[in-house]
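> this one's structure only:
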């Protein structure tokens, strides 16, 4: 069975899932509201907001996208275990690796859909903003914006693989969601405690998953002066962040570890 | 051709032995009943045959060529259901079979044939979650049949069904057998196994305690049921019969366990003893008799 067939099977299962459509609707509605509000105020105030659209996409997209993607992937993968369709797919002829490949393609597909859909919406609103009287004379998109968009795609992929891991190791989507939220929200207090300790503990904080993700979608992380900014943070005993050039390979490593964990779980456990 | 062969197959879960070194063979064309009480290890065994439960010991060989590492390849030639029918509740019966057909690389046109074969044509567009248990079981069999499998494995297919549903499933199994397929069916329903299977293995507490053809398992009328106006005199005369192993009173009938099946000799002995019988018939052992005898727990004394 080739990858295209696996993708077709996965799409056939996904396209009728309410969770999928609800997640996409929620994500794009949130973005639309964000862009729409900005455009509305620009027309009312006469102050054009062109140039900020990409920043809005990255900040709002990563904020909502984190939760929406996490929930959607866990629901789409975890439910198969509850319904025992994961087991039946394999009885019917998929190998365990093919089943995992299907889920990984789902993660990549959802991440791409959210990313491309977000870019499309942002492009439309950026064009609308530029057509307003008093629009600022600046490039349609800057180099930093492009880098941030790349970071956003990587961000979605890492979040998707984290969700895939929790969706596959948990006995149900409910327990998968609980684990995922615990994993995400427990990091903030832990990170601050570590930062307060200073020294080695503080130097570990930028490598925590949420900090790595955050670095990918922070414009300052793409700035050449980022290292000096981190030095002042170090003195303040605050959690640190990585520069984007360091965060990207670490994020890829996290995605690889989560994917490998999900694959190992599907391959080794009794179904 | 041996379709299924297991050797010392075992599965242990943290201190519990679910399947304890079982060995059996299923030959081509057999309808093989895997019979045992609930919790005896039937589903675990099937799970291991299908490669979705990892054995902790022993080996499996399918179709005389596929070992444990090749179970994925062997599954291309198998249609199977395990425990309850497992489908996507939000998809219709037809759409669920489309998923199965895509996985098995079967033409979409075959789906309608499979649905028709199990009598679900009028309900094929309904969501799976709205199906009755009997309809779910039939859809599961239709899914197993897609891909024209040589081996059909059905786990408790009649479980939870009403008599009408059981009859439908039985007819489907017999139809599949008539097409020459090898069928491995697990059940705790003795009557269903007796009516559909050519061979049977009885499993208890993870161990196979008997394996034979259905005919050899139940053949040989070694008991006789006798009625006479004077039951007490009949019982005494039956016990005195040299060919009797034991005799007991069941209602107004005396059941005599015989060393052979010669009822004429028994009748002559009773007549010579002055007991004239009004009813004399062989009692053919049913699978239930054999099963109960083999799986009966030995009575144990209660410690004071």
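Ah, there it is. As the structure is a prediction and not an experimental result, all values here were calculated from the model.
> got a list of what residue 121 touches?
Let's take chain A. If a contact means C-beta atoms under 8 Å, 6 or more residues apart in numbering or on different chains, then residue A:121 has A:28, A:31-32, A:35, A:57 as its contacts. Any C-beta I mention is one placed from the backbone N, CA and C, and that applies to glycine too.
> wrong one, I was asking about chain B
Applying C-beta under 8 Å, 6+ apart, we find residue B:121 in contact with B:112, B:115.
> Please tell me how far residue A:195 sits from residue A:75.
Counting by C-beta to C-beta, to the nearest Å, the gap from residue A:195 to residue A:75 is 34 Å.
> List the ones among the contacts of residue A:121 that fall in helices.
Counting by DSSP state H, the contacts of residue A:121 place A:28, A:31-32, A:35, A:57 in helices.
> what's the single longest helix in chain A?
Secondary structure of chain A per DSSP H: the longest helix is helix A:96-130.
> closest to chain B among the ones in helices among the contacts of residue A:121?
Chain B lies nearest to residue A:28 out of those, by C-beta to the nearest C-beta, at 22.0 Å.
> Tell me if residue B:125 really is in a strand.
No - using DSSP: H, G, I helix; E, B strand; the rest coil, the assignment for residue B:125 is coil, not a strand.
> Am I right that it is in contact with residue B:96?
No - under the criterion of C-beta atoms under 8 Å, residue B:125 is not in contact with residue B:96, lying 11.4 Å apart.
> neighbour-wise, which of the two wins?
Neighbour count, other C-beta atoms under 10 Å in any protein chain shown: between residue B:125 and residue B:96, residue B:96 has more, with 28 against 10.
> ranges for the helices of the chain?
The chain I'm using is chain A. Going by DSSP H, chain A shows helices at A:3-14, A:18-45, A:53-82, A:85-92, A:96-130, A:143-169, A:173-197, A:199-204, A:209-216, A:226-235, A:244-268.
> hmm, I had chain B in mind actually
Under DSSP H, chain B gives helices at B:42-49, B:71-74, B:93-104, B:109-117, B:133-145, B:163-178, B:190-196, B:214-218, B:231-240, B:263-272, B:287-295.
> how about the shortest one: buried residues?
Meaning helix B:71-74. Neighbour-count burial for helix B:71-74 flags B:71-72, B:74 (criterion: 16 or more other C-beta atoms under 10 Å in any protein chain shown).
> can you tell me if that helix touches chain A.
Yes - contact of helix B:71-74 with chain A (C-beta under 8 Å from any C-beta of the partner chain) involves residue B:72.
> Give me the residues contacting that helix.
A:95-96, B:49-51, B:60, B:62-63, B:66.
> hang on, the earlier thing: out of the ones in helices among the contacts of residue A:121, who has the most neighbours?
When neighbours are counted by other C-beta under 10 Å, residue A:57 leads those with 27 neighbours.
> Nearest to chain A among the buried residues of helix B:71-74?
Nearest member of these to chain A, counting by C-beta to the nearest C-beta, is residue B:72, at 4.5 Å.
> List the contacts of residue 85.
All of this refers to chain A. Residues near residue A:85 by C-beta under 8 Å, 6+ apart: B:86-88.
> try chain B instead
B:136-137, B:139-140.
> Please name the nearest non-neighbouring residue to the most centrally placed residue in chain A.
In chain A, the residue lying closest to the centroid (C-alpha atoms, centre = their mean) is residue A:156, at 2.5 Å. Among residues not flanking residue A:156 along the chain, residue A:111 sits closest, at 3.7 Å (C-beta to C-beta, 6 or more residues apart in numbering or on different chains).
> I'd guessed the one you found sits against residue A:154; true?
No - between residue A:111 and residue A:154 no contact is recorded; they are 9.0 Å apart, counting by C-beta under 8 Å.
> what's the spacing between the helix or strand of chain A with the lowest mean pLDDT and its chain's center?
Least confident helix or strand of chain A, by mean pLDDT, DSSP states H and E, is helix A:226-235 with a mean of 72. On the basis of C-alpha atoms, centre = their mean, to the nearest Å, helix A:226-235 is displaced by 26 Å from the centre of the chain it belongs to.
> And stretch A:255-270, by the same measure?
Distance of stretch A:255-270 from its chain centroid, counting by C-alpha atoms, centre = their mean, is 19 Å.
> Report the mean confidence score over stretch A:5-22.
Averaging pLDDT along stretch A:5-22 gives 94.
> same question but for stretch A:202-217, I mixed them up
For stretch A:202-217, mean pLDDT is 90.
> Enumerate every residue touching the residue in the stretch 101-250 of chain A positioned nearest to chain B.
In the stretch 101-250 of chain A, no residue comes nearer to chain B than residue A:102, which is 10.0 Å away by C-beta to the nearest C-beta. Counting by C-beta under 8 Å, 6+ apart, residue A:102 makes contact with A:6-7, A:9-10, A:94.
> Quick one: name the residues of chain A near chain B.
A:1, A:5, A:8-9, A:12-13, A:16-18, A:83-85, A:87-96, A:268, A:270-271.
> 10 Å instead, please
Chain A has residues A:1, A:5-6, A:8-10, A:12-13, A:16-19, A:79-80, A:83-99, A:102, A:267-271 near chain B, with proximity defined as C-beta under 10 Å from any C-beta of the partner chain.
> Take the helices of chain A and write them to a markdown table, including distance to residue B:25.
Listed next are these as a markdown table, based on distance: least, C-beta to C-beta, whole Å:
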| stretch | distance to residue B:25 |
| --- | --- |
| helix A:3-14 | 35 |
| helix A:18-45 | 46 |
| helix A:53-82 | 34 |
| helix A:85-92 | 22 |
| helix A:96-130 | 27 |
| helix A:143-169 | 36 |
| helix A:173-197 | 41 |
| helix A:199-204 | 59 |
| helix A:209-216 | 52 |
| helix A:226-235 | 69 |
| helix A:244-268 | 29 |
